[in-house]
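Trainee: this is a predicted model, with the sequence first.
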Amino acid sequence: MPDYFVASRAHHADVGGAAPGSLPIAREVYEEGFRIPPVFLRRAGVLQDAVLALLLANVRTPDERRADLAAQMGAQDTGERRLRELAVREGARAFIAATRALLDATEKRARAGFARLPRGTWTFADALDDDGLSSAPVRIAVTLTLDGRGATLDFSDSARQAAGPVNAVLAVTKAASLYALRCVLGDDVAVNDGLLRTVRVIAPEGSVVNPLPPAAVGAGNVETSQRIVDTVMGALALALPGRVPAASAGTMNNLLLGGTDPRTGRAFAYYETIGGGHGAGPSWNGASAMQTHMTNTRNTSAEALEHACPVRVVEARIRRGSGGRGRFRGGDGIVRSLEMLAPARATVIADRRVRGPWGLAGGESGKPGENVTREHTKANPRRRPGKFTVDLPKGAVLTVASPGGGGWGRRTPAGPKRRS
């Protein structure tokens, strides 16, 4: 049995499935792309051509996938080489002992951080707007217990698994919970098994935070993760009043496009996430037009997008006035409009279109987001739901306006006006 495994994780723009970008409004996981059990893509340094051919035959942009997989394999090679170099330099036994000590040190630091937090139990609930198939909200609820040595997060009061694709697998639920806890631990606590030893997550099977197959789960990673963070942060705000900011945009505003590029005659697939407003805090205004919480992707420049895809960026600006008002104001969202230069199938997976991100300490909620399509640049707008797939003709315009962050604190009443 090896002492170590080297792993790399990447998001691919398309892995097949019912819609370009592989994030459709799915009812089953089978609609969300090609599923690959553990198999060898390379064995003893030799690429397994049949396995690669099977994968590439099931995606819309095989050349991109081939290049991305090659990059991942290059990352694996680099990781293996550097791991071996460390083992040779330090000696195998000393290296193994050092890694174990690292995990123990992380656990010690995490427990010291929890010791500085108040002890008790707090409950908070939030919701997704819907699951993409109905208009009913999807409840996410957590009971947070801090005991001075660690934390227990119990999601038992959350909704049962949804018919649509917003179900979050257990790994996503744990990752989002750990992220929120790290925000308040105080020290820069590493993310490894030492931290996991201090946190217990209870997520019943068959729930929206731990679904059973064949539940659709694509939006669970990108949207429900955001709501889990909001829910845990809400509980932490009760435990630590005056230390936790208001809710941020709470959505990744996933935008996916695909079709045939008339310039090349070949298929294209494009996927981006759009930032929003940060929640304000007890002594600061929220940042505007930024990625928030469970996403860290950069915005795609207009030049790069227009070069790669038959799309024109007609608008990209800060959505002024979308942040929640308060003593400190929430950050503003983003408005991004794309004109189709060829027919395309578009999917938007977004949330906070019905209820804006909540404020704290009397601060107001941020403005909910909006999705709008026009048949051409001057046509009347058609408002779309938070989650939808639509076939757009050439000349159509798709606009995504992201939510602003929540405000913090009550606004100070304006004093009497001074006469000149």
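Mentor: That came through fine.

Trainee: how about the helices of the stretch 201-350 of the chain, start to end?
Mentor: 218-219, 225-239, 302-308 (DSSP state H, counting those that start in this stretch).

Trainee: averaged pLDDT, the shortest one. What do you get?
Mentor: This predicted structure assigns helix 218-219 an average pLDDT of 96.

Trainee: same question, stretch 183-200
Mentor: The predicted model assigns stretch 183-200 a mean pLDDT of 92.

Trainee: and what of stretch 226-245?
Mentor: Along stretch 226-245, the predicted confidence averages to a pLDDT of 97.

Trainee: pull out the buried positions in that stretch.
Mentor: By neighbour count, and taking 16 or more other CB atoms under 10 Å as the criterion, the buried residues in stretch 226-245 are 226-237, 239, 244-245. Backbone N, C-alpha and C define where each C-beta goes, glycine included.

Trainee: give me the phi and psi for A67.
Mentor: Main-chain torsions, A67, degrees, to the nearest 10: phi -70, psi -40.

Trainee: now do it against N296, distance only.
Mentor: Separation of A67 from N296 (CB to CB, to the nearest Å) stands at 22 Å.

Trainee: of the two, who's got more company?
Mentor: It is A67, of A67 and N296, that has more neighbours when counted by other CB atoms under 10 Å, with 11 against 8.

Trainee: check which helix or strand R93 maps to.
Mentor: Element membership of R93 [criterion: DSSP states H and E] is helix 92-115.

Trainee: in stretch 256-271, what counts as buried?
Mentor: Residues of stretch 256-271 classed as buried by neighbour count (16+ other CB under 10 Å): 256-259, 261, 267-271.

Trainee: what of stretch 340-355?
Mentor: Those would be 340-342, 344-353, 355, for stretch 340-355 by 16+ other CB under 10 Å.

Trainee: what's in contact with the very next helix or strand once past the helix holding R93?
Mentor: For helix 92-115, the succeeding helix or strand toward the C-terminus, using DSSP H and E, is strand 120-128. Contacts to strand 120-128, defined as CB atoms under 8 Å, 6 or more residues apart in numbering, come from residues 137-146, 157, 166, 223-224, 227, 230-232, 234-239, 351, 355, 358.

Trainee: please repeat the previous calculation with a cut-off of 7 Å.
Mentor: Contacts with strand 120-128, where a contact means CB atoms under 7 Å, 6 or more residues apart in numbering, come from 137-146, 166, 223-224, 227, 230-231, 234-235, 238-239, 351.

Trainee: ditto for stretch 49-59
Mentor: With contact meaning CB under 7 Å, 6+ apart, stretch 49-59 is reached by 14-16, 34, 36, 39-41, 62, 65-66.

Trainee: how close does the closest residue to M252 other than its chain neighbours sit to V39?
Mentor: Closest residue to M252 in three dimensions, ignoring its sequence neighbours and counting by CB to CB, 6 or more residues apart in numbering: T273, at 4.3 Å. Taking CB to CB as the measure, T273 falls 29 Å from V39.

Trainee: okay, the two: which has more neighbours?
Mentor: T273 (22 against 10).

Trainee: rewinding a little: so of the buried residues of stretch 340-355, which ones are in strands?
Mentor: 340, 344-349 (DSSP state E).

Trainee: what segments of the stretch 251-400 of the chain are strands?
Mentor: Counting by DSSP state E, counting those that start in this stretch, one finds strands in the stretch 251-400 of the chain at the ranges 254-261, 266-273, 311-319, 333-340, 344-349, 370-374, 382-384, 387-392, 397-401.

Trainee: quick check: of the buried residues of stretch 256-271, which lies closest to L185?
Mentor: Out of the buried residues of stretch 256-271, the one with the shortest distance to L185 is Y271. That distance is 32.7 Å, counting by CB to CB.

Trainee: where does the stretch 251-400 of the chain dip in pLDDT?
Mentor: Per-residue confidence of the stretch 251-400 of the chain (counting by pLDDT under 70) places no residue in a weak region.

Trainee: wait, V311 sits on E303?
Mentor: No. With contact defined as CB atoms under 7 Å, V311 and E303 do not form a contacting pair (11.7 Å).

Trainee: for the residue nearest to N380 when sequence neighbours are not counted, grab the count of nearby residues.
Mentor: Nearest in space to N380, with sequence neighbours left out and distances taken as CB to CB, 6+ apart, is R374 at 7.1 Å. As a burial measure, R374 scores 18 neighbours (other CB under 10 Å).
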